[in-house]
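**Q** Just a sequence and a predicted model for now, questions to come.
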Amino acid sequence: HEFADSQFGHLFAKGPDRESARKSLVLALKEMEVRGDIRNSVEYLVKLLETDDFKSNSIDTSWLDGIIKEKSVTVDVANDDVVVGAAVFKAFQHVRIVTDEVMESFRKGQVSTNDISGINSFDIEVAYMDMKYSFHVERVSGDVYKFSIGSNELEVEVTQTAEGALLAKYGGESHRILGMDEPLGLRLSLDGNTILMPTIFDPSELVSDVTGKVVRYLQDNGSNVEN
């Protein structure tokens, strides 16, 4: 209810000594996957458990407050992986949506094939860290996508797991991708790390991340609106 705290579960670990229990806890957190519109600090907790102070148990009640104030612990994901991960998710989502639309038109007896080409060749955009990336995507086969941006190309093998996550293989690595569209953009989960990919908005529009609410924002006529 509205007066409860933000906890939705507890995780305990045990072992023959503190260090063994800590390692088990880190492993359990890395394997945890929280889905839905629930903000959580799983990735941040892993970073806290990996700090030297926590490993040596030289912490007190003010330890966490100091870390938050100094921002000495952060969760970082390589920008290239974030952008490619978002592009893979958007490409897979595009193919699924367009394929469903074509199949629905066939079920209705409409035999136009104009939209079929859009299943295998299309453009997508990704915005991240104040940069916009425009990709052209070609489906090489049913589960292989070729992403082109400028003179650079990348082939990605994409498969969907039974629980709906995407496994993307490229550059000799494999990445696990989940995504959820929100009012302000795409909430991407990449290898357990959560990143918000903002939607590219018309700067003349005001957009709220609060759904189902009336938002009022007043400005004097002719005044500047700070972003």
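**A** Cool, got the structure. Computed from a predicted model, the values in this text were never measured in an experiment. Residues are numbered from 1 along each chain as shown.
**Q** where does this structure have low pLDDT?
**A** 1-8, 35-39, 111-114, 200-216, 227 (pLDDT under 70).
**Q** Need the residue closest to the centroid of it.
**A** residue 188 (0.7 Å; C-alpha atoms, centre = their mean).
**Q** Which strand or helix spans it?
**A** Residue 188 belongs to strand 185-190 when assigned by DSSP states H and E.
**Q** cool, residue 99 as well?
**A** Assigning secondary structure by DSSP H and E places residue 99 in helix 79-107.
**Q** ok so, going back, quick one: contacts for the residue nearest to the centre of the chain?
**A** 82, 85, 86, 89, 177, 178, 179, 194, 195, 196, 197 (C-beta atoms under 8 Å, 6 or more residues apart in numbering). From N, CA and C alone the C-beta is placed, and that goes for glycine too.
**Q** now do 7 Å
**A** With contact set as C-beta atoms under 7 Å, 6 or more residues apart in numbering, residue 188 has these partners: 85, 86, 89, 179, 195, 197.
**Q** The fifth one: neighbour count?
**A** Other residues near residue 195 come to 20 when the count uses other C-beta atoms under 10 Å.
**Q** same thing with the fourth one?
**A** Other residues near residue 179 number 22, with proximity taken as other C-beta under 10 Å.
**Q** do the same with residue 67
**A** Using other C-beta under 10 Å, residue 67 is surrounded by 19 other residues.
**Q** Quick one: classify it as helix, strand or coil.
**A** helix (DSSP: H, G, I helix; E, B strand; the rest coil).
**Q** With adjacent residues omitted, what lies nearest to it?
**A** Spatial nearest neighbour of residue 67, chain neighbours left out: residue 73 (5.2 Å); criterion: C-beta to C-beta, 6 or more residues apart in numbering.
**Q** wouldn't that neighbour be in contact with residue 45 here?
**A** No - checked against C-beta atoms under 7 Å, the pair residue 73 and residue 45 is beyond contact range at 10.0 Å.
**Q** Give me the more crowded residue out of these two.
**A** Each of residue 73 and residue 45 has its neighbours counted (other C-beta under 10 Å); residue 45 has more, 16 against 13.
**Q** From residue 41, how far off is the residue nearest to the more buried one when sequence neighbours are not counted?
**A** In space, and not counting its chain neighbours, residue 45 is closest to residue 29: 5.7 Å by C-beta to C-beta, 6+ apart. Residue 29 sits 10 Å away from residue 41 when distances are taken as C-beta to C-beta, to the nearest Å.
**Q** Neighbour count: the two, which is higher?
**A** A direct count of neighbours by other C-beta under 10 Å for residue 29 and residue 41 places residue 29 higher, at 20 against 13.
**Q** hang on, the earlier thing: pretty sure the residue nearest to residue 45 is in contact with residue 42, am I right?
**A** Yes - using C-beta under 7 Å, residue 29 is in contact with residue 42, at 5.6 Å.
**Q** in this structure, which spans are strands?
**A** Using DSSP state E, the strands found in the chain span residues 121-128, 131-141, 144-149, 152-160, 166-170, 173-182, 185-190, 193-198.
**Q** Would you tell me which of the ones you listed gets closest to residue 13?
**A** Ranking those by proximity to residue 13 (C-beta to C-beta) places strand 193-198 first, at 21.0 Å.
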